[in-house]
Structures are given as structure tokens and as C-alpha cells.
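Trainee: can't give you the sequence, but here's the structure:
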């Protein structure tokens, strides 16, 4: 029996030949690309790729190797597609972008809508992004905010998309699919919940606590120590704070920010009741135009995955083959189709980059209902 | 310039050689595997793989090809690892499973816990799985149910994990990580919400509607037509129905099942108010032993992904290389670490299969905190 070192020597010899052939293959693919640019032919040729896979599988004997060589060729063909997309970009044959690059959002003159009311976290996020004195108004629901943007009643909406503890804000993800609005910015703000009641109220006399469902979730450990309190969820934490002021009932309290407590003249009965320290929420800035800021470096997309083994995996390969770092992947059920999913992916990049163009073109051909949600 | 057909002919010639070398390479890898089985050496050799990648990259000239050949060799090396894991399985060198195969759950004698109360959807799911007359009791929270199982106060818990419209039940996912309980079964039941009030109550006199937060979400369209109603979330839909009976207040109604309405003597004021038809919820059966039923065909796992470009992608390759069909992928924030995620993956397979063993071994080596949540 050969020693490990001898076997590794044999592998090195085989590998030198494979590497040489790989380089030769890519050179021929480049010529195919030149032909395709000139003839205006599509890069992705389903029939030809399928034939090639059958052909290479027919030339090896074991089942293991049949499967392996097909995997390998799927990767090789994906690489040559990538090369050919790059050639299209260089030749200016990829056409113009559906998104328009802009230099600034014009925040000084912008009219901004946020969900909730005076004292809401959304308002704090808005002031962080657009400044203390921005021209703003509020609406009751996320859907109302999306509609205001779609109609042009406001220029921008500020909506929460993700919390570091609770995860995705599912409703906002669903609304991004439903509306033709686009993400142009994001801002992250810390979330520190307090328990706020009427001045002088005691924990021992409380019977009901009001807050947004997410805030109740984020303070589960504290609230579980008081399992006799009724938990009532309202649209946002500021409404909860206002209700405590309005009702003037000492048995009621709100889970809200210290800022909201101050706005509504409440006393903080217990500070920082979050389960987690370092809790923060990411808000997105949404508009009705397909624009992106110069230098934008993050792209959000969503797509549906056909029902085939490995589909998701092969779609993800477009990010890798184009060197794009995925920062997030979320799945959401598709409305009306049980156990089918829509994926939301965030990755680093700008719509002007060839690698991004390549990946999006590949994704559009191989997925269903690809939508670019924004570049910011 | 060569024609497309000539170029494709050249590719075919190169490909024949690549395929031959691929097969030769796998034969040498098999011998390496034999050596490793005998010597008790680990399959995965980080240092050797890194050296190989540097070596192949050094032998091609363009940046595009350097990246491409490294991608290709990552796949090739992953394949030889898979082959070697199979050799370990054949040689009986993979050791015994941490999970014990059983023939039946012994449902006749089982004591089962569900979350909620008489009339809850969880109770309906439990009766579907364990039969009408099963020995059962209920607890207030999902956490209570997990604790009952952990302590052995109950043999099995029935918990909702996913709704076809609302998506994942995040809290249950988090509890699966926190507790050492395991999934041994699942059952899907249809969810049809109704609006139920006191007999004779009119829609026009309603002021408050009680339900579980998820049920309020699933009936958003109906409830938005009555935006003057206050929405109050309680632990489950059956508690909501009971409250309507207890309070005897005609201005209150519950969003609950027709079954819960009947249990609490309510009248269905509006039937089937779901946003989506075909809404259903998947419940899991959880126990405190590491067991799985003979013939189980679905595996749930979770793992954390290190912070490196492409990590998630490379982890997913283990499913593909072992022919395992992923049916679901969910990401959840990791507690206490902002914007880091834990992934939950469901895939088809049984823990006895070599392909599953291979994939799990690879995943364990390359991910962080891999946990097998169950095989069912």
C-alpha cells in the first residue's frame, strides 16, 4: 500500500493537469463570450448545459463520480457564464440600469412619514436620519406609511425592518414585496425599554401593562416575574404611554422608551427592562422612486425559489462566484401557497459594479419573481 | 474567428480530459481514505486544504482564474471528504449515534402537555396526533411546556412551529435552542378563524376584539375594515373566547376557531375571516429523550455561522454534495450578539443514512454550535 506522502504526490501530478485544462477551458469560454456579444445571444443556454451534464456523467462509471462530475460542471459552467456576463458589461451590452443614481436625497426639503405618534421609536429613528427639525407627520400603520409614499403624499417613510433580538419585522418585509417602493437608506437606533406609570404608582398595584407586541416580547423575562399582569398590545409604545396618561389609572403601566415616558409625563417605575442589553432596531428609509445614492454599498433583493432539490443552493452560488458577501438571508411564506417560500437576501455591493450585474442577471434567469428592493 | 460549433468542439475535447482526470483523482482519494480509516486520522485537514488552494491558485495567471480554480478545488476537496466519510461509515469507524432509534412513541400511555387551554388550536393538534382521549394537561406558555418536558412532568409537548401565512413561531425556535428537548413528530392542522361574540351581539356594537397576536395578524384585512375596534392580544385564541363568555359584555368579541366558540357558548358573528384561505399551522411533538422513530424522514438542525464571506454558502454545500434536499431555512438573531445569526435548516433524511452522517460531520467541523433538533 502506498504511503500518504506517495498518494499526495500522485494527487499533485493529477492536479497540475486539471489546473492547466481549467485555464485552457476558460480561454475557449472567453471566445464563446466574444461570439455571444457580437451575435447578441443570451449567455444562459439551458439546453446546452443540460446536454453537457448528461455527457460528462456518461463518461464516468461509479454513481458517486456521476453525481460529483455533474456538480463540478455546474460550477464550471456557472463560472463561464460569469465570465461572459463580464464581457457583456465591458462591451456595454448589458443596457442601462432600472435604478437612477443620485447625489443626495435632498433631506432638507423632504416630507417624511413615520408610523406611530409623538414619542415613538420610529420618530427617534427619523430624527437621527433626517435631523431634529425635519418636516414630518405620522400614520397609524406600516401599510398607511407605504401608501403615503406610493401616492407621493410623503417623500420618504421610516420603517423598522429588523430588531437585534426579535428578528425581522415580517409585516414590513411583506409590504416591500406588495408595494413598488424602494429602500434608499438605513439607520440603526438603540432600543431601551422602561416600565412607565403614573407618577407615584407602585409595581405592587399594577394590573395591566400596555405596549407594542414586539416590546412585550423583548421584555419577557421581566414580565414573567409579574405573570398576574394582563398584557395588552397596542400599535406602538408611544400609544401605550399616552394611554397611561389619558386613563389616569394607577393600576396601568406602559413598556416604552424613557423619551416617550417624558413626552407623556410618566414616571419610569423600572428602567432598562430589556431581556438583552445592546438591543437595537434597524430602520429603513423608503421612497417611491427607483433611485440609489452614489456610493451605496448594500443591496436588498427578494426572490422565490422553484421547487427543486438544490435550487436555493444554486441561486446562492451567484453571490459566491461574484465575490459578493451575503450579510443576511430571511425566508417568508408566499401568500396563498402553503410551505413555499420567498427569500430576502442582503449583500454588499453597488448596482454599478459588474459583479453585481452578473449576479443579478444570473439570479433573474434562475429564480422566480426577483425584485431589487433597493441599494443603499 | 472560430464558429460557435468549432469552439464547442474544442470544449468537448478539453472536457473529456478533465473528466478522466477527475475520475483518476477520486481513485487516489479513495486510497487516502483507506489509509485514514486504518490510521484513525481525521478526514478534514485544514492545513493541507489551505496549502492545496494556494498551490492551484499560483499556477494560473488571471485573477478571475485564480478565484475560479480555488472555488473548483474547494468543491473537489469537499467531494473527497464525502467519499472518505462514506469509507468510515462502511468500516464502522463512525461510531454510534447520539440518538436512539425506537419503534413507537407509546402514545397510548403518554402524558401530553399543550400550551393554552380547552379549545386551543394546540389542543386540536394534540388530539389529531395522540387521539381524542389522550392523557393531557395544559400550561400557560411555550416555556412552561418546554420545562414540563425537561423535568419529565409530561412525556411529550405539542408546540406550534410555523404557520403557512405568518411564518415561523420565533419563540419556539429560540426555546428549541435553549432546552435539551428534541422533536420526534409533527402534525399540520388547518387554521380557520372566526369572529365570535355573545349570542345576539351585532358587529356594529363591537368595541374590542381579543385574540392571540398571530391570529390578529392573520385577520388583518377583516380587522382593518373595523379600525375603530381596539385589538387586545392574549396568550391564545381560547383564552380570548373564554374572556368573552366571562365578561358578558356585548361590545367584545374574540378571533378564535369555531371549535373554541362552541366550547365557550359563543355565536360566530363572521365565519372564516382569514386573510388567506388554506391557512394551516405545523405543530411539533417534543420530548426530553434523544430518540427518533424508525423510518423518520426529516431532520431539523441549527447552527451558527462564523463571520466570513461565503461561510453560509460553504456550509450549505454539505447538503448538496450528499444529495440532501433542504426543505426550509430560517435565520434568527443570536441572543446578545447584534446582527449575528443562527440558522435553522430542515432537510429530508434519516440519521442512519451515510449521506446524513457525512453532512452532519462536515457541518459540525465547519459551523459553530451545531445542534440536531430531531429526526421525525
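Mentor: Alright, I've got the coordinates. Just so it is clear, the model here is predicted, and its values are computed rather than measured. Numbers count the residues shown, from 1 in each chain, chains lettered A, B, ... in the order given.

Trainee: buried residues in the helix of greatest length in chain A?
Mentor: With residue count as the measure and DSSP state H as the assignment, chain A has helix A:4-39 as its longest helix. Within helix A:4-39, the residues that count as buried by 16 or more other C-beta atoms under 10 Å in any protein chain shown are A:7, A:10-11, A:14-15, A:18-19, A:21-26, A:28-37. (Glycine included, C-beta is placed from N, CA and C.)

Trainee: same thing with stretch A:221-232?
Mentor: Buried residues in stretch A:221-232, defined by neighbour count with 16+ other C-beta under 10 Å: A:222-223, A:229, A:231-232.

Trainee: try stretch A:356-375
Mentor: Of all the residues in stretch A:356-375, those buried under the rule 16+ other C-beta under 10 Å are A:356-364, A:366-367, A:370-375.

Trainee: which stretches of chain A form helices?
Mentor: A:4-39, A:46-58, A:63-90, A:121-130, A:142-151, A:170-178, A:213-218, A:220-224, A:237-247, A:258-263, A:311-321, A:354-366.

Trainee: The third one packs against which elements?
Mentor: Spelled out, it's helix A:63-90. Using 3 or more C-beta pairs under 8 Å, 6 or more residues apart in numbering or on different chains; DSSP states H and E, the elements in contact with helix A:63-90 are helix A:4-39, helix A:46-58, helix A:311-321, helix A:354-366, helix B:4-39, helix B:63-90.

Trainee: starting at the chain centroid, how far to it?
Mentor: With C-alpha atoms, centre = their mean, to the nearest Å as the basis, the distance from the averaged C-alpha position of helix A:63-90 to the chain average is 27 Å.

Trainee: in that helix, what counts as buried?
Mentor: In helix A:63-90, the ones that count as buried by 16+ other C-beta under 10 Å are A:65-89.

Trainee: Outline the domain layout of chain A.
Mentor: By the assignment in automatic domain parsing, chain A contains the domains A:1-95, A:100-191+A:279-293, A:194-270, A:295-376.

Trainee: does any part of stretch A:225-236 sit near chain B?
Mentor: Yes: counting by C-beta under 8 Å from any C-beta of the partner chain, chain B is contacted by stretch A:225-236 at A:227, A:230-234.

Trainee: can you put the residues you listed in a markdown table and add pLDDT?
Mentor: Formatted as a markdown table, the entries for the residues of stretch A:225-236 next to chain B read as follows, by pLDDT from 0 to 100:
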| residue | pLDDT |
| --- | --- |
| A:227 | 86 |
| A:230 | 89 |
| A:231 | 86 |
| A:232 | 86 |
| A:233 | 82 |
| A:234 | 82 |
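
Trainee: and these, which two are the farthest apart?
Mentor: Farthest-apart pair in these is A:227 and A:234; separation 20.1 Å (C-beta to C-beta).

Trainee: and the stretch 101-250 of chain A, which of its residues are near chain B?
Mentor: Counting by C-beta under 8 Å from any C-beta, the residues of the stretch 101-250 of chain A close to chain B are A:140-141, A:143, A:163-167, A:170-171, A:213, A:217, A:224, A:227, A:230-234.

Trainee: Now restrict those to buried residues only.
Mentor: A:141, A:143, A:163-167, A:170-171, A:213, A:217, A:231-234.

Trainee: ok, these vs residue A:326, which is closest?
Mentor: The nearest member of those to residue A:326, counting by C-beta to C-beta, is residue A:167 at 16.8 Å.

Trainee: my read: the closest one touches residue B:333, true?
Mentor: Yes: because the distance of 5.4 Å satisfies C-beta atoms under 8 Å, residue A:167 is recorded as touching residue B:333.

Trainee: Which helix or strand in chain A has the lowest average pLDDT?
Mentor: One helix or strand of chain A scores below all others by mean pLDDT, DSSP states H and E: helix A:311-321, with a mean of 79.

Trainee: how distant is that helix from the center of its chain?
Mentor: Average the C-alpha atoms of helix A:311-321, do the same for its chain, and the two points are 16 Å apart (C-alpha atoms, centre = their mean).

Trainee: Give me the below-cutoff pLDDT ranges for chain A.
Mentor: Judged by pLDDT under 70, chain A has its weakly predicted residues at A:94-95, A:307-310.

Trainee: for it, longest strand please?
Mentor: Under DSSP state E, the strand in chain A containing the largest number of residues is strand A:337-348.

Trainee: Does chain B have contacts with it?
Mentor: Yes: residues of strand A:337-348 contacting chain B under C-beta under 8 Å from any C-beta: A:338-339, A:341.

Trainee: now stretch A:163-174, how far from the chain's geometric center?
Mentor: In this view, stretch A:163-174 has its centroid 10 Å away from the chain centroid, taken as C-alpha atoms, centre = their mean.

Trainee: Excluding its own residues, what touches that stretch? List them.
Mentor: Residues outside stretch A:163-174 that contact it (C-beta atoms under 8 Å, 6 or more residues apart in numbering or on different chains): A:142, A:159-162, A:191, A:214, A:217-218, A:274-276, A:278-282, A:284, A:302, A:330, A:332, A:335, A:344, B:166-167, B:170, B:217, B:331-333, B:335, B:338-339.
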